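# Quick one: sequence plus predicted model below, questions after.
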Amino acid sequence: MSAAPEWKNPVVKWIDHRLPVFTFTHHSLIDYPTPRNLNYWWNFGSLAGVVLVILIGTGLFLAMHYNPSVDHAFDSVERIMRDVNYGWLMRYMHANGASMFFLVVYIHMFRALYYGSYRAPREVLWFIGLFIFLAMMATAFVGYTLPWGQMSFWGATVITNLFSVVPFFGDAIVQWLLGGFAVDNPTLNRFFAFHFLLPFVIFGLVFLHLWALHVHKSNNPLGVDIKTDGDTIPFHPYYTAKDAFGLGVFLIFYFAFAFFAPNYLGHPDNYIPANALVTPPEIVPEWYFLPFYAILRAVPDNFIDIWGILPILVTAKTAGVILMFASIIVLFFLPWLDRSPVRSAKFRPIYKQLYWLFLADCIVLGWVGANPPEGTMLVIGRIATLYYFVHLLVFMPLLSRYEKTRPLPDSISAAVTPQGSSQSAQAQGA
Amino acid sequence: MIRTFKRIAVAAALLAAFSVSDVSTSRAASKATPPPPQDWSFSGVFGTFDRAQLQRGYLVYREVCAACHSMKQVYFRHLVDIGLSENAIKAIAAEFEVAGEPDEDGEPTERPARLFDRLPSPYANDNEARSANNGALPPDLSLIAKSRVGGADYIHALLTGYLEKAPAGVTMGEGMNYNTYFAANQIAMAPPLAEDGVEYEDGTKASVDQQARDVAAFMTWAAEPEMEERKRMGIKVLLFLIILTAMLYAVKRRVWSDLH
Amino acid sequence: MADTSTTTAEGHEHEEDRRDFLLTSTIVVGAAGVALAAWPFIDFMNPSADVLALASLEFDLSSMEPGQAVTVTWRNKPVFIRRRTAAEIDEAKKVPLSDLKDPQADADRVKEGKDEWLVMIGICTHLGCIPAGQKVTDSKGEFGGWFCPCHGSHYDTSGRIRKGPAPRNLEIPPYAFTNDTTVRIG
């Protein structure tokens, strides 16, 4: 199965001898050995790749008619919507595509969390994935500024001001980021430049992500390693067919939004041109940032005083910013926070329950982030933030120590095929 | 137990999904009543604009709203889309004077508006607009149906939601009007529509409700002129995708059949 | 595609035909979808509605006297409009085609029944300069039409090249009279 194919076409053969692109493609997409028991949650990696390509494609074309200047940005977007051929289609595909990218990647991440895909030897694969996520957040943030609506302007203002919490250099850093004293033309220009560059950085990271994936191959719902050839099937045609079907279902979902509810996921205020003198009643980020926004606003003003730590250096604002960044950084430590002998939650009865609680917690955080930080909302937000960190920093290490896991199957084939059990028995005997 | 937590997660997800869309509603309308939903020809997957209504709505905009509100994103040539003939639009455009090229001595000139011009703005700039309106800036209406929660429902509700006297206990600001549907209920705009304030060419009775309805439809068109094309194309694309996905499912089943 | 059937159909000869049909038709439908999806991208780069709206120009001729000329800008190029005098028209018609470098009858350069009006793109066919001859004070060249100062091309009262390096007559843009006094260029 893994032997190099003999190329019959002389041109292919000639090129492949000098630059083995065909052999490489063959090994990584055709006969690439893939666990035979992957479920549909494993579709979301390839879906993310497809959405990235759609975003880069539509984005490149939008850039042909977009004008990154404060006097023309809003009007040029409206011109795209009204006068440019299929401009509305291109823009709605792009805007909703960003939401879909996050949705797909979030599902992909929670799948990794459930089945322990971040565990050794896939730590670097997990890191690269987190870097992709960070790059996505940066790209989405600068991209949201480009239409130059009210939310664009005030979102950019609020988020860049987060950097003012850096001790001593805060204000200088904010001015450096903005290229001025407020969000203005230089900011818009550089955000456009970054928005154009970052997707290609993501593309490069995706390549590394796949490279790392192909070293140790995919994890699988059982979380046990691939042991024999019987555990795997070639990627093509099995997973190409499965991914293609999954893509069809996903496109129906995505296009239903883009064609019939294109503004459902957006904020109406962003159809009001940016105005530096009027702040919207409530600044809300796009839905995919809401959980982090909730964490940012969760720290009580008097929290620091209660704890008696130098309130001059660490204000509530600073603490919120630190917590928000910590909520992502902590994910980098997951491979060491979780030391359970078993990867998959399938064999971890207690972790499985806490997993669903953690998922619910993240969704509650998102819900809190969408509401003004007042009254019960603030209390719920604080509890949810607390649980977020307790789950990752306390429950994960404790569980991996004390949880009684269920017995693992001998191998993938032993668990999923009748003939597999005899095969693996032979393999063990030998 | 696991079921329970799974249910919590699913319930939380649903709650979040619905509330995200509601959040802005509850916020914008902190004190105001949510606009009652109306029947619109353009709602739903198959909805289309009613051309006669759009033309009536444009008349209301031209004769009433345009005195204070611009519609900068709409050009005269776009009006072909609401069913007016090119000659009719040319005639309307010619009634407006817009800035032309400077003459040979560099002096500013004026010329009648043409098809390729924007709908003219009532004020030269925002400051003039504010000074003429007691300090309140009349918003541009090109995207009002997309930038206000409730869209056409909200516009219709706002235009018909004035009370002559504020309810007891409400102190009104200087020059403000009470409106049931406006945020905080105080709006600088005086009730703009009057019974038979315009005369419709098609003989429709120009009640306040009718005018509000027509101008709300017109503003929905102005905000989303691509809506009909978008829905038409969307239906075709989704039907195609459903068929293709069904075929892909059959292929997937067949490919995997030798494994199961 | 050939690869696909050989790897997947092992041991299932009887199913191969049906599978091939299903697979082929799915691939055809999918490829058709991708091909159709390319169109919005291609069309996106075509001139947009606002550009097309400026692509034609209407000009009111009613204020022009015989012998007068105006230059208007159309698609970023100068367009010469001249209301010719009877003498100029006569002169243009008299010239035998054999005298011309780029033979074309005067009647072919104006609209029928509108001999008075000459509408041309005012760009010399030699190297793209703008010929003189529109203003009263301009040199009109040896043939009473236009004269390009860059390399000395002389055009006659029909805008045809008569002397000098230019290879062709001044170009006539697409135009039509929408009524007696209005011309639409483009």
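Cool, got the structure.
# At which residues are the strands of the stretch 201-350 of chain A located?
A:232-234 (DSSP state E, counting those that start in this stretch).
# Contact residues of it facing chain B?
Taking C-beta under 8 Å from any C-beta of the partner chain, the part of the stretch 201-350 of chain A that reaches chain B is made up of A:233, A:237-238, A:241-242, A:244-245, A:247-249, A:251-252, A:255-256, A:258-260, A:262-264, A:267-273, A:281-282, A:284, A:287, A:290, A:349. Where C-beta positions appear, they are placed from N, C-alpha and C, glycine not excepted.
# Enumerate the residue intervals of the chain where per-residue confidence is below the cut-off.
Went with chain A since none was named. Low-confidence segments of chain A (pLDDT under 70): A:1-4, A:301-315, A:418-430.
# my bad, chain B
In chain B (pLDDT under 70), the answer is B:1-31, B:260.
# Swap in 90 and give it another go.
B:1-33, B:100-106, B:134-136, B:164-175, B:183-184, B:258-260 (pLDDT under 90).
# Write out the residues of it neighbouring chain C.
Counting by C-beta under 8 Å from any C-beta, chain B sits next to chain C at B:75, B:77, B:114-116, B:240-241, B:243-244, B:247-248, B:250-251, B:254-255, B:258.
# Among those residues, name the ones in helices.
Among the residues of chain B next to chain C, the ones falling in helices (DSSP state H) are B:Phe240, B:Leu241, B:Ile243, B:Leu244, B:Met247, B:Leu248, B:Ala250, B:Val251, B:Arg254, B:Val255.
# which residue sits closest to the second one, ignoring its sequence neighbours?
To tie it back to what came earlier, the one meant is B:Leu241. A:Ile252 (5.0 Å; C-beta to C-beta, 6 or more residues apart in numbering or on different chains).
# returning to that earlier point: among the residues of the stretch 201-350 of chain A next to chain B, which ones are in helices?
A:237-238, A:241-242, A:244-245, A:247-249, A:251-252, A:255-256, A:258-260, A:290, A:349.
# Excluding sequence neighbours, find me the nearest residue to the residue in the stretch 151-260 of chain B that chain C sits nearest to.
Per C-beta to the nearest C-beta, B:Met247 is where the stretch 151-260 of chain B lies closest to chain C, at 4.3 Å. Leaving aside its sequence neighbours, B:Met247 sits nearest to C:Thr26 (C-beta to C-beta, 6+ apart; 4.3 Å).
# can I assume that neighbour sits in a helix?
Yes. Counting by DSSP: H, G, I helix; E, B strand; the rest coil, C:Thr26 is located in a helix.
# how much space is there between it and B:Lys252?
10 Å (C-beta to C-beta, to the nearest Å).
# Tell me how many other residues surround the closest residue to A:Trp41 other than its chain neighbours.
Computed as C-beta to C-beta, 6+ apart, the closest residue to A:Trp41 that is not its neighbour in sequence is A:Arg111, at 4.3 Å. Residues within reach of A:Arg111, counting by other C-beta atoms under 10 Å in any protein chain shown, total 19.
# What is the helix or strand where A:Arg111 lies packed up against?
For A:Arg111, the enclosing helix or strand under DSSP states H and E is helix A:87-115. When contacts are defined as 3 or more C-beta pairs under 8 Å, 6 or more residues apart in numbering or on different chains; DSSP states H and E, helix A:87-115 sits against helix A:44-65, helix A:73-82, helix A:123-145, helix A:235-260, helix A:349-369, helix B:227-256, helix C:13-44.
# mind listing what's buried in the third one?
Burial within helix A:123-145, assessed by neighbour count using 16 or more other C-beta atoms under 10 Å in any protein chain shown, is assigned to A:125-133, A:135-137, A:139-145.
# need the contact list for the closest residue to A:Ala73 other than its chain neighbours.
Nearest non-adjacent residue to A:Ala73, counting by C-beta to C-beta, 6+ apart: A:Trp148, 3.8 Å away. Going by C-beta atoms under 8 Å, 6 or more residues apart in numbering or on different chains, A:Trp148 touches A:Val70, A:Ala73, A:Phe74, A:Val77, A:Leu188, A:Pro273, A:Ala274.
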